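Chemist: predicted coordinates and the sequence they were generated for:
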Amino acid sequence: MDRYLIENESGINQVPTEPEQRAWYHSASHLPPEDPSLGICARHRVARITDIGRRGFLTWPKNAQLPPDVHLGTVSEIKSRAGHCSLCALVVACATDMAIWEDIPNFVDDVDVMLCWVRDGHIRCGPDLHRESVSGHSLENSRAGSVSCPCKSTSLRLRVTFYDHGPGAYKGTWRDIVPMEKPETIEELHPSEGNLFCGRVVSKSHIDVSLMRQWLSNCMNWHADTCGARDSERVLNGNRLRSGPIRLLDLVDNCLVETADPPPYICLSYVWGTNPVYQTLESNLEEMKRPGSLVQLHTSLAKSIRDALAVTRMMEQRYIWIDSLCIVQDNKADVGQQISQMDQIYQYAMLTIVVAGGDHADCGIDGLESGSRSLETHKTVCSEDLTLVMLLPELSQAVAASTWNTRGWTYQEMLLSKRKLIFANDTVYFQCAAATWGEDYIAEHPAVSSCAPMQEIGLSYGWEEPTAKSSSRYTLNIGPGEAGSPWFHEYVRAVTEYTSRNLRFESDRVAAFGAVLSKIEYTCNVPFFQGLPEDIFLDALLWQPKDRPLRVSQRDPVTAMPLFPSWSWAGWMSAVEYDESTHDFETRGRSQPFAQMSFVELGDGESLKSRLVRTDKLTTSPAAVGKPKEAVDYNAIRMYTRSAHFNLVVYDASGEDDPNGRPYLRFGITLANQPPPQHGDTSAIWSKKIMVQGHRHPWLGALRLPGNWRRRAFGNAEISPRTYEFIVLSEAYGFGSDQLSRRDALNDQLKPYDVLNVMLVERVSDPQSSNVTDASVRATPLVPRVERRGVGKMLRSAWQMVDEKWETVDVV
C-alpha cells in the first residue's frame with residue numbers, strides 16, 4: 001500500500017486517516033540512493049509526485065490530508081541533480097525566474113528551496129455545475145452530492161518557494177506548478193479527465209485576444225449576483241453621474257464626445273510618468289470634438305494610450321474614457337467637476353484596461369501584436385498521464401512588482417473598477433468581484449467557487465496545512481447587509497494601502513483618494529472632513545505613522561497655512577496605519593468622547609459652519625467661532641477638552657523585537673513632577689514602574705513618534721528635559737499590543753475603559769485680537785491653536801495626579 005495514497009471505491013485518491021508530519025525538514029539520511037537511470041532524483045521519489053498523478057492533482061478529496069511538503073535542498077544542490085531529474089530541472093527554472101524577478105544576488109545558490117502542496121481549485125455544487133460544462137466538458141452525468149461529484153474534491157498545485165534561515169528570508173517569493181492541459185481532450189464526465197485547473201498552452205509571441213473577449217462575456221453572463229449587481233446600480237441611476245456630463249472617446253467617429261447619459265464604455269488606468277502626455281486643453285477642445293481628429297492625433301498619443309484604443313476595438317467596444325483626453329486639463333472647474341465624480345466614472349465603466357507595465361505612458365502593452373513578446377513555457381513530462389508546467393507569476397505578484405501599483409492616483413482606479421483587464425509581465429489577467437483569470441491557467445467555469453489566484457495563501461513550513469482566505473486586495477468590499485464588510489474596516493485598509501503609495505504633488509493627497517471617500521460616503525451615508533469620517537471622528541484621529549512622517553510643506557498661497565491639517569493623515573507625507581483595537585467595532589461602539597467637538601472653518605459670518613460630532617454638548621462650549629476680518633479661512637477642529645503636561649521617556653513597553661529597524665520609536669509617558677505614592681496606594685498608576693537614569697518613574701502610557709525625536713528632544717538623556725502638552729480625546733477599551741505587551745502584568749489589573757486616547761500637541765502662533773476691528777467679532781474670545789505631534793494611550797488614573805485644565809483649542 002502506498003504510504004500516502006489509498007484508492008477508494010470510486011477510484012479517487014485519498015490519504016490515510018492517521019496524522020502525517022507535513023513538515024518539510026525530513027532528514028536527508030533517510031533518502032534512498034540516487035539512481036540517474038530512473039530519470040527522477042531521490043527526493044522527488046520520496047515526494048511521490050508521479051504516484052499522485054494527474055487524477056490526484058485534479059480531484060484530491062476535500063477532507064483528505066495534503067501530501068507532505070518536500071525540502072529539495074539548496075539551489076546549487078538542485079542544479080546538480082537537474083541533469084538526470086526532470087522535476088529538478090523544472091524547479092531550477094522556477095528558482096531562476098524567482099531570482100530574476102526579485103533581483104536576488106548570486107548567493108541565491110545557497111538558499112533552500114521548498115516544494116509545498118497547496119489546495120487550489122474548488123467547484124461548488126449547484127445547478128451551474130450540472131447544467132454547464134467544465135472548460136467545454138459536460139458534468140451532466142455527475143450526480144450532485146455523490147462521491148464522484150467534483151464538489152467533493154479540490155485540485156492541488158505545487159508551490160516552489162525559497163526559504164533562507166537568516167533574517168533575509170524570501171518567503172514572499174514563489175512559483176506554482178500544475179498539470180498541463182491535454183489539448184486533445186474531448187467531452188468527458190469528470191474534471192479529472194478534463195482541463196479545469198490545469199495550465200493552458202499560451203502563445204510565445206502574442207496575447208490571445210479571443211480569450212480576453214471570452215472573459216468579459218463570461219463575467220457578464222455568469223456573475224449576475226456580484227458584478228451584475230453593479231451594472232444594475234448604473235442602470236438604476238439612469239446612467240447619470242452626480243456632477244454632470246462626461247466626455248468619452250468615440251472610436252467609430254474617432255473624436256471626443258460629451259454625454260450626460262453615457263453608453264457602455266471602457267476606462268483606462270495607466271502611469272503618466274514624467275514623459276510629456278498629449279492632453280485636452282481649452283485651446284484644442286473643439287478640435288478634439290471634430291470627427292476624425294483621433295486619426296490625425298494618433299502618432300501624438302502616448303503608446304499606452306494608443307494600445308488602449310486598440311484593445312478597446314479588440315473587445316468590440318466603441319467608447320473609452322482616458323483622463324488626459326477626457327478632462328480639460330487647464331480648466332480648474334472642469335478638473336474639479338470630473339474628479340468629484342471619479343468614483344462613478346470607474347464604477348460605471350463596463351471594464352477598466354490597466355496598463356501596469358513600465359513607469360511611463362510610452363511603455364505600451366507587450367503582446368498585442370505578433371512577435372511583440374517572448375514568453376518561455378517551462379514544463380516536464382513526468383509520465384504518459386502527467387505533464388507539469390510552471391505557471392507565470394500570479395496577478396498579485398505581477399501587480400505588486402509594477403510601478404503602477406506604487407502610484408497614488410491608480411489606487412482608487414484599481415479599487416473601484418468592477419472588471420479589470422490587467423496587462424503586466426508580458427501577459428494579461430482578468431479580475432472581477434467573482435473571479436481572477438489568467439492567460440496560462442484554466443479556471444473559467446460558473447461553478448468555480450475558489451482557486452489559488454483568488455486567495456491569499458499562507459504556507460506553514462511545519463505540521464499544519466497552508467492557510468487560505470479570500471483575497472480582498474484590489475476591491476472595495478462595502479455594501480448593505482452581509483454583502484460587504486463593515487465600512488470602517490474597509491476605510492482603515494484603504495487608508496493604510498493608499499498612504500503607502502507615491503504622489504508627485506502634495507496637493508493631491510486627498511484628491512487622489514477622493515473617489516474612495518465618495519464611494520463610502522454615498523454608499524454608507526458617511527460624510528468626510530479632510531479625509532476622516534465624521535461619524536466616528538475621534539476614532540479616525542488615532543492613525544499612526546508607519547515611517548518617518550514629513551509634514552506637508554506646500555502651503556495655501558492665500559492663507560500661508562499648510563494645505564492639510566496636522567490632525568489628518570492627509571497633512572503628512574507618510575504611510576499610516578491604525579492600531580488593531582481602533583477598528584474593533586464592539587470596542588468602538590462603546591467608547592465615549594471626553595472632548596466636546598465641532599468642525600470649524602474659521603471665516604467671516606458668510607462662511608462659518610459648525611457641525612456636531614460624537615456629542616450634543618457643543619452648545620455648552622465656552623468659546624464660539626470667530627476670527628479677525630483681515631484673516632482668511634483655514635480648516636480646524638475645535639475642541640473643549642482637558643489638557644496637562646507630562647514627560648516622555650525612552651522606553652518601549654510593547655516587547656517587540658528590533659525597535660531600531662523601524663523609522664519610528666515608541667516612547668513612554670511619565671509624570672512631569674512626580675509625587676510620592678501614598679502609603680498603601682495600589683492604584684494602576686504605581687503598578688508599573690520603570691527605571692530611568694537611576695530613578696523609578698511610573699509608566700503612564702505610550703505613543704509612537706519619529707525616530708529623530710530622540711536626538712531632537714532628548715539628546716543623550718533617557719527622559720525629556722522638558723514637559724509636553726497632551727489633550728484627552730476619548731476613552732479606550734485598553735492598550736494595544738503596540739503600546740503594551742500582552743504578557744505585561746498590568747493588563748490583568750486594568751478594567752475595560754481604564755485607558756484614554758490622548759494627543760501630544762504643540763502650540764502655534766495664536767491670532768492676535770489687536771487686529772480685530774469688527775466689534776461683533778472682537779467680542780468673541782479667540783481660541784489658541786495647536787498642532788498634532790502624535791497620538792497614544794494613557795492610564796485614566798494618571799490624569800488624577802496632575803494639574804489638568806479644561807480649555808478650548810483649535811487643532812490645525
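Modeler: Perfect, thanks for sending it.

Chemist: show me the longest helix that occurs in the protein.
Modeler: Once the chain is assigned using DSSP state H, the helix that runs over the most residues is helix 86-102.

Chemist: which helices and strands does that helix pack with?
Modeler: Contacts defined by 3 or more CB pairs under 8 Å, 6 or more residues apart in numbering; DSSP states H and E place helix 86-102 against helix 75-81, strand 112-123, strand 153-163, strand 174-179, strand 379-381, strand 387-390. C-betas here are computed from N, CA, C, even on glycine.

Chemist: for the ones you listed, which one sits closest to N502?
Modeler: strand 174-179 (26.3 Å; CB to CB).

Chemist: who does the closest one pair up with?
Modeler: Within its sheet, strand 174-179 is paired with strand 153-163 (antiparallel), strand 387-390 (antiparallel), according to DSSP bridges.

Chemist: show residues contacting it.
Modeler: The contact list for strand 174-179 (CB atoms under 8 Å, 6 or more residues apart in numbering) reads 54, 57-58, 90, 94, 97-98, 118, 120, 155, 157-161, 197-199, 386-391, 393-394, 397, 441, 452.

Chemist: of the residues you listed, keep whichever come out buried.
Modeler: Among the contacts of strand 174-179, the ones that count as buried by 16 or more other CB atoms under 10 Å are 54, 57-58, 90, 94, 97-98, 118, 120, 155, 157-161, 197-199, 386-391, 393-394, 397, 441, 452.

Chemist: average pLDDT for stretch 475-492, rounded please.
Modeler: Averaging the model's pLDDT scores along stretch 475-492 yields 71.

Chemist: quick check: end-to-end length of it?
Modeler: Using CA to CA, to the nearest Å, the end-to-end distance of stretch 475-492 comes to 14 Å.

Chemist: got a markdown table for the helices and strands packed on helix 86-102, with mean pLDDT too?
Modeler: Listed next are these as a markdown table, based on pLDDT from 0 to 100:
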| stretch | mean pLDDT |
| --- | --- |
| helix 75-81 | 90 |
| strand 112-123 | 90 |
| strand 153-163 | 89 |
| strand 174-179 | 93 |
| strand 379-381 | 93 |
| strand 387-390 | 95 |
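
Chemist: mind checking which of those is nearest R742?
Modeler: Short answer: strand 153-163, nearest of these by CB to CB, at 28.2 Å.

Chemist: can you show me the strands along the stretch 201-350 of the chain?
Modeler: Assigned by DSSP state E, counting those that start in this stretch, the stretch 201-350 of the chain shows strands spanning 246-250, 255-259, 266-269, 319-321.

Chemist: dig out what R696 forms beta bridges with.
Modeler: Going by DSSP bridges, R696 is paired in beta bridges with M691.

Chemist: run a quick neighbour tally on it.
Modeler: 11 (other CB atoms under 10 Å).

Chemist: quick one: it and D754, what's the gap?
Modeler: 22 Å (CB to CB, to the nearest Å).

Chemist: repeat that for K418.
Modeler: 46 Å.

Chemist: do the same with F564
Modeler: On the measure of CB to CB, F564 and D754 end up 34 Å apart.

Chemist: looking at these two, which is more packed in?
Modeler: F564 (22 against 17).

Chemist: how about the more buried one, secondary structure?
Modeler: Each residue gets one of three states, and F564 gets coil by DSSP: H, G, I helix; E, B strand; the rest coil.

Chemist: hang on, it packs against R555?
Modeler: No: if you go by CB atoms under 8 Å, F564 and R555 don't touch, sitting 10.4 Å apart.

Chemist: show me where the stretch 151-300 of the chain has helices.
Modeler: Along the stretch 151-300 of the chain, the stretches classed as helices by DSSP state H, counting those that start in this stretch are 209-222, 227-236, 285-288, 293-297.

Chemist: and A434, which of the ones you listed is closest to it?
Modeler: helix 227-236 (6.2 Å).

Chemist: give me the below-cutoff pLDDT ranges for the stretch 101-250 of the chain.
Modeler: Filtered on pLDDT under 70, the stretch 101-250 of the chain yields the residue ranges 101-108, 126-148, 164-172, 184-193, 229-240.

Chemist: hey, which strand is longest across this structure?
Modeler: strand 635-649 (DSSP state E).

Chemist: and that strand, what does it pack onto?
Modeler: Counting by 3+ CB pairs under 8 Å, 6+ apart, strand 635-649 packs on strand 596-601, strand 664-671, strand 724-732, strand 805-811.

Chemist: centre of the chain to it, how far?
Modeler: 33 Å (CA atoms, centre = their mean, to the nearest Å).

Chemist: between that strand and strand 664-671, how many degrees?
Modeler: With axes from the mean of the first three to the mean of the last three CA atoms, to 10 degrees as the basis, strand 635-649 and strand 664-671 are set at 80 degrees to each other.

Chemist: where exactly do the helices run in the stretch 451-600 of the chain?
Modeler: 487-498, 514-524, 537-540, 585-590.

Chemist: contact partners for the residue nearest to I322 when sequence neighbours are not counted?
Modeler: Excluding the flanking residues, the one nearest I322 by CB to CB, 6 or more residues apart in numbering is L268, at 4.6 Å. Contacts of L268 were listed using CB under 8 Å, 6+ apart, and they are S304, I305, A308, I320, W321, I322, D323, T352, I353, V355.

Chemist: the same query, at a cut-off of 10 Å, please.
Modeler: When contacts are counted by CB atoms under 10 Å, 6 or more residues apart in numbering, L268 touches 249, 304-305, 307-309, 311-312, 320-326, 349, 352-355, 413.

Chemist: equivalent analysis for E725, please.
Modeler: Counted by CB under 10 Å, 6+ apart, E725 has contacts S643, A644, H645, F646, M759, L760, V761, E762, R763, V786, R789, V809.

Chemist: which of these count as buried?
Modeler: S643, A644, F646, M759, L760, V761, V786, R789, V809.

Chemist: nearest to T380, of these?
Modeler: For the buried ones among the contacts of E725, the nearest to T380 is R789 (59.4 Å; CB to CB).

Chemist: and the angle from the helix or strand containing that closest one to strand 805-811?
Modeler: Secondary structure from DSSP states H and E places R789 in strand 785-795. Relative orientation of strand 785-795 and strand 805-811, computed by the same axes, to 10 degrees: 130 degrees.

Chemist: and strand 785-795, what does it pack against?
Modeler: strand 543-545, strand 635-649, strand 664-671, strand 701-706, strand 724-732, strand 755-764, strand 805-811 (3 or more CB pairs under 10 Å, 6 or more residues apart in numbering; DSSP states H and E).

Chemist: show me the beta-bridge partners of the residue nearest to I322.
Modeler: Note on L268: beta-bridge partners by DSSP bridges are I353.
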